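Asker: With the input below, show me the fold.
(one chain, ligands or ions: 1)
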Amino acid sequence: MDVLPSDLTKREDVRKVEQRLRADEAITLLVNNAGIGPKGTLLEDDIDYLETMIELNVIAANRLAVAAAQTFAERGRGAVINIASVVAFIPERFNGTYSATKAFVLNLTHALNAEAGPKGVKFQAVLPGLTRTEIFERVGGSFDRFPPSMVMDVTDMVDAALAGFDQEELITIPSLPEVADFDAFTAARHSLGPNLSHDKPAVRYGISKS
Ligand SMILES: NC(=O)c1ccc[n+]([C@@H]2O[C@H](COP(=O)([O-])OP(=O)(O)OC[C@H]3O[C@@H](n4cnc5c(N)ncnc54)[C@H](OP(=O)(O)O)[C@@H]3O)[C@@H](O)[C@H]2O)c1
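Answerer: Numbering: from 1, shown residues only. Next comes the predicted model:
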């Protein structure tokens, strides 16, 4: 195994990984996993730390995912797995900067799949719920404040994510019992599409040009 040590909050290190990704034809899979969690709520957190979080969870993740998509699309094969989070769907209930970084990863995956999917590149966004890792310990917290019934064992989460990849899911939510619930959510989102950009404001705003 070849290890390329990188601090992905440093842009020169991200570029080093990007160059390797673009140059090495043996690389056919990118797993965009690196990420850090919040220290508290938005009102409690350190704003400089939140910017470091954006640097890692968004700037580095974006650069590597887009570079991989461009490279794999040229080659006509390859896969990108992006680790997002279910908090992308519940911004009112978690640190907003963290949930926004994960919503970014989710949107990015949808968009890359729409563009590079037809060119032979596979994409998956994994949206774990609470998963027992070192994520909170690294910022002085713990999983103890959550009911154990909400915290998944990491091997179960990863096994489910890989099963979802094998099933060619674009979005994998390991905890969600009924995939029909997510399909209904997606259908509701798409139903907004035809009305999201018109030449006039909606009638309820009372703006009419006579
Ligand atoms: N645990 C959860 O409840 C949960 C839920 C939803 C989503 N996620 C997401 O899952 C992903 C993995 O997190 P985790 O839960 O496994 O947390 P973790 O145990 O703290 O692991 C974090 C991972 O990110 C890497 N990393 C951190 N800072 C880095 C940096 N500056 N440069 C390069 N790599 C860096 C770490 O590498 P080193 O070990 O080398 O430091 C480690 O591999 C993250 O994107 C996280 O947002 C976690």
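
Asker: Would you mind listing what in this structure touches the ligand?
Answerer: Where the chain comes near the ligand, counting by Cβ under 6 Å from any ligand atom, the residues are 6-9, 33-37, 56, 83, 85, 128, 130-131, 133-135, 138. Using the backbone N, CA and C atoms, a C-beta is placed for each residue, glycine as well.

Asker: So how do I select the buried members of those residues in ChimeraX?
Answerer: Per 16 or more other Cβ atoms under 10 Å, the buried members of the residues of the chain next to the ligand correspond to this ChimeraX selection:
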select :6,8,9,34,35,36,37,56,83,85,128,130,131
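
Asker: Show me the residues of the chain next to the ligand that map onto strands.
Answerer: The strands in this structure, assigned by DSSP state E, contain Ile83 from the residues of the chain next to the ligand.

Asker: and Ser191, what helix or strand is that in?
Answerer: helix 179-192 (DSSP states H and E).

Asker: List of residues touching that helix?
Answerer: Helix 179-192 has contacts (Cβ atoms under 8 Å, 6 or more residues apart in numbering) with 171, 173, 176.

Asker: Quick check: mean pLDDT of it?
Answerer: Rounded to a whole number, the mean pLDDT of helix 179-192 is 98.

Asker: Now that helix - C-alpha only, PDB.
Answerer: What follows is helix 179-192, C-alpha atoms only, in PDB (Å, rounded to 0.1, in the frame of the first residue of the first chain):
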ATOM      1  CA  VAL A 179     -36.400   3.600   0.800                       C
ATOM      2  CA  ALA A 180     -39.900   4.600  -0.400                       C
ATOM      3  CA  ASP A 181     -39.700   7.500   2.100                       C
ATOM      4  CA  PHE A 182     -36.600   8.900   0.400                       C
ATOM      5  CA  ASP A 183     -38.100   8.300  -3.000                       C
ATOM      6  CA  ALA A 184     -41.200  10.300  -2.000                       C
ATOM      7  CA  PHE A 185     -38.900  13.200  -0.700                       C
ATOM      8  CA  THR A 186     -37.000  13.100  -4.000                       C
ATOM      9  CA  ALA A 187     -40.300  13.200  -6.000                       C
ATOM     10  CA  ALA A 188     -41.500  16.200  -4.000                       C
ATOM     11  CA  ARG A 189     -38.200  18.000  -4.600                       C
ATOM     12  CA  HIS A 190     -38.400  17.300  -8.400                       C
ATOM     13  CA  SER A 191     -42.100  18.500  -8.400                       C
ATOM     14  CA  LEU A 192     -40.900  22.000  -7.500                       C
END
